[in-house]
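Visitor: curious how this folds, go ahead:
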Amino acid sequence: QVQLVESGGGLVQAGGSLRLSCLVSGRTFSSFAMGWFRQAPGKEREFVAAIRRSGGSTYYADPVKGRFTITRDNAKNTVYLQMNSLKPEDTAVYYCAARAAGVSMKRIEYNYWGQGTQVTVSS
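Guide: Modelled structure (predicted):
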């Protein structure tokens, strides 16, 4: 079975950086497009970033453009989210997701999800 395990969350001050990792097992990693989503208290889960299976193209939500970078290492079965210039409004549980097809920015189109990792940005 496919499993996704996130790590790297934590508490950081505004303006700081964190790097999230998501290790995928159970199926050939390069067959998945990968995405990161986040959910703040009382809000719906929203798209953050996505990357094609080859890693050739990336996509970002407007609030994180220029601050976050999604990358993948197919040899390590891992997708990363580098988050710089963090803001208090970035506070959320961050989830990685895998899609056994082309890249998407739609939550409903992802097949597999991790358990989430908490990111808290203090002002």
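
Visitor: which helices and strands does the helix or strand hosting Leu20 pack with?
Guide: For Leu20, the element it lies in under DSSP states H and E is strand 18-25. Packing partners of strand 18-25 (3 or more CB pairs under 8 Å, 6 or more residues apart in numbering; DSSP states H and E): strand 3-7, strand 33-39, strand 78-83, strand 92-99, strand 117-122. To be clear about C-beta, it is placed using only N, CA and C from the backbone, and glycine gets the same treatment.

Visitor: go again using 10 Å as the cut-off
Guide: Using 3 or more CB pairs under 10 Å, 6 or more residues apart in numbering; DSSP states H and E, the elements in contact with strand 18-25 are strand 3-7, strand 10-13, strand 33-39, strand 68-73, strand 78-83, strand 92-99, strand 117-122.

Visitor: would you mark the buried spots in that strand?
Guide: Leu18, Leu20, Ser21, Cys22, Leu23, Val24 (16 or more other CB atoms under 10 Å).

Visitor: so which of the helices and strands packed on strand 18-25 comes closest to Arg52?
Guide: Between Arg52 and these, the tightest spacing by CB to CB is seen for strand 33-39, at 5.9 Å.

Visitor: packing partners for the following helix or strand past that closest one?
Guide: Sequence order places strand 46-51 as the next helix or strand after strand 33-39, per DSSP H and E. Applying 3+ CB pairs under 10 Å, 6+ apart, one finds that strand 46-51 contacts strand 33-39, strand 58-60, strand 68-73, strand 78-83, strand 92-99.

Visitor: what's the closest of these to Gln1?
Guide: Closest approach to Gln1 among the helices and strands packed on strand 46-51 (CB to CB): strand 92-99, 12.0 Å.
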